[in-house]
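Q: below is the sequence, then the predicted model.
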Amino acid sequence: GEGDERVRRSFCCCRCGDEGEGTRGRGSDDHTRARTQFSRFTMAKTLAFGDLGKSAKDLLSGGYQLNHKVRVSTKADSGVEFTTSGVKKDDKLEGDVKVAYKTSSYAADVTMDANSKINTNVSYSGLAPGLKLALNGNIPDHSSGKLSFEYAQPCYVVKGNLGLTSTPKTECSLSVGHNGLTAGGEAGFCTKDSKVTKWSLGAAYAASDYKCALIYADKGEALKASYVHSLSG
């Protein structure tokens, strides 16, 4: 009787110990999954306001080109990259030549099209982490010069530009994001007329398999909505 009782107590202890280990294992797995999911959300990149709804725009305009295109690119040992591109639209042939140079902190490029119009861009990102300054303009249009900046951090993005004229136009946008949700707005102001040239508000959400956006644009005269779903086979 006493021997049987000791055997039963020992068997119950072993069973209880096994269940405890199984529970601890399941708890550890749940914690790992939760931590992985939390990391995926916290590492999501906050979109700039101009990129809200960009997935739908790219889907509708990026993959249905009926024009004939050609592009040739080569890079020299010095790091300078030369690119020649052309496109045939109906019976008209358009093209441009681009020369670009890029390092870890700055970049510069010059593009000349078939009409001898020259576009120049110079940017520098070595002042502070997340801060990028840029200067661009067209030749011979000397009034097209523009100074722009972008300051991007994990939870917010600020962008703006200022025209390099005596009565410049300026634009600015702000977006904040968390757990895949981004919301923000943009506005433009003309110093010559002393009036607001544009304003928009919007929000977007990005999950692993879909993206959606809602934008109140054109000074409140237009409401734009988009939804993109990724299908995996």
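A: On my side now, so go ahead. Numbering: from 1, shown residues only.

Q: any chance you could map the strands in the chain?
A: 68-75, 81-89, 92-102, 106-113, 118-124, 131-139, 146-153, 156-163, 169-178, 181-190, 195-206, 210-217, 222-229 (DSSP state E).

Q: strand partners (parallel or antiparallel) of the fifth one?
A: I take that to be strand 118-124. For strand 118-124, the pairing partners within the sheet under DSSP bridges are strand 106-113 (antiparallel), strand 131-139 (antiparallel).

Q: and the first one with strand 92-102, angle?
A: When axes from the mean of the first three to the mean of the last three CA atoms, to 10 degrees is applied, the directions of strand 106-113 and strand 92-102 differ by 160 degrees.

Q: looking at this structure, which helix or strand is least sure?
A: Between all helices and strands in the chain, the lowest mean by mean pLDDT, DSSP states H and E belongs to helix 2-42, at a mean of 46.

Q: skipping its backbone neighbours, what lies nearest the residue sitting nearest the centre point of the chain in space?
A: Compute the mean C-alpha point of the chain, and by CA atoms, centre = their mean the closest residue is residue 47, 4.9 Å away. Leaving out its chain neighbours, the residue that sits closest to residue 47 by CB to CB, 6 or more residues apart in numbering is residue 182, at 4.6 Å. Quick note: C-beta positions are derived from backbone N, CA and C, even for glycine.

Q: in this structure that neighbour contacts residue 50, no?
A: No: judged on CB atoms under 8 Å, residue 182 makes no contact with residue 50 at a distance of 11.5 Å.

Q: between the two, who's got more neighbours?
A: Ranked by neighbour count (other CB atoms under 10 Å), residue 182 and residue 50 place residue 182 first, with 26 against 16.

Q: ok, the more buried one to residue 114 distance?
A: Computed as CB to CB, to the nearest Å, the residue 182 to residue 114 distance reads 39 Å.

Q: with residue 207 instead?
A: For residue 207, the distance to residue 114 equals 43 Å [CB to CB].

Q: do the same with residue 52
A: For residue 52, the distance to residue 114 - CB to CB - is 34 Å.

Q: which one's more surrounded, these two?
A: The neighbour comparison of residue 52 against residue 114 (other CB under 10 Å) goes to residue 52, with 26 against 12.

Q: nearest spatial neighbour of that one, chain-adjacent residues omitted?
A: residue 204 (4.4 Å).

Q: for that neighbour, what are its contacts?
A: For residue 204, the contacting residues are 47, 52-53, 181-183, 211-214, by CB atoms under 8 Å, 6 or more residues apart in numbering.

Q: at 10 Å instead, please
A: 47, 49, 51-55, 175, 177, 180-184, 211-215, 226 (CB atoms under 10 Å, 6 or more residues apart in numbering).

Q: cool, and residue 143?
A: Residue 143 sits next to 137, 163-166, 168 when contact means CB under 10 Å, 6+ apart.

Q: which residues of the chain score low on pLDDT?
A: Along the chain, segments meeting pLDDT under 70 span 1-44, 61-67, 233.

Q: again, only using 80
A: 1-44, 58-68, 88-93, 232-233 (pLDDT under 80).

Q: surely residue 201 is in contact with residue 186?
A: Yes: the pair residue 201 and residue 186 passes the contact test of CB atoms under 10 Å, sitting 8.4 Å apart.

Q: shared neighbours, the two?
A: Common neighbours of residue 201 and residue 186, using CB under 10 Å, 6+ apart, are 49, 215, 217.

Q: that'll do, ta.
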